[in-house]
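>>> Here is a sequence together with a model predicted from it:
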Amino acid sequence: MSTRAIGFLKSKGIPFKPVTYDHQKKGAEFAAKAIGFPLEKTIKTLVVDVGPKGYVFVLMPGNKQLDLKRLSKALGVKRAQMADSHTAEKLTGYLTGGISPFGSKRRLPVIMEKSVLDYDTVAINGGQRGTLLIMDPVDIKKVSECKVLEVAKGI
């Protein structure tokens, strides 16, 4: 099994452990349950429209919601909104439910919710439905050159 995301990480020498599961529905809750991994350590990869600045990936713990107002303020834009599935798939080259911040068709800036760094390992989408990669969030930060911000609701 190989995806663009896996190829990208291998080319950068980043360690990860792929885990596959029977993808029956999209969402971090289903994926976490399917592999027996804690929801808070299962990372959602969101594609967000930040207006004139284009689109960004936002990496969020599975048990938290993105605060779009907080994200807008942090990025200095008037408004942020979730990209629709069609746009997200077109930008990334991945199907919704399998979107990865690695090896995306179009390179998008990456924002990581600060609390992701609280864990020694997390599960993140591997570029296809039913494939998660178990890896160190510090490696995700390094390879994606992301900005770390507090953008979850209710912090």
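Nice, thanks for sending it over.
>>> what helix or strand is the residue nearest the centre of the chain on?
Centroid-nearest residue in the chain: T45, 2.3 Å away (criterion: CA atoms, centre = their mean). In this structure, T45 is located in strand 42-49 according to DSSP states H and E.
>>> again with Y94
Short version, using DSSP H and E: Y94 is in no helix or strand.
>>> Paired strands for the strand holding T45, with orientation please.
strand 55-61 (antiparallel), strand 81-82 (antiparallel), strand 122-125 (parallel) (DSSP bridges).
>>> hmm, who's touching it?
28, 31-32, 55-62, 66, 68, 71, 80-83, 87-88, 91-92, 99-101, 108, 116, 122-125, 132, 137, 140 (CB atoms under 8 Å, 6 or more residues apart in numbering). Placement of C-beta: from N, CA and C, glycine included.
>>> which of those residues count as buried?
Neighbour counting with 16 or more other CB atoms under 10 Å marks 28, 31-32, 55-62, 66, 68, 71, 80, 83, 88, 91-92, 99-101, 108, 116, 122-125, 132, 137, 140 as buried within the contacts of strand 42-49.
>>> quick one: average pLDDT of the strand holding T45?
What strand 42-49 shows for mean pLDDT is 96.
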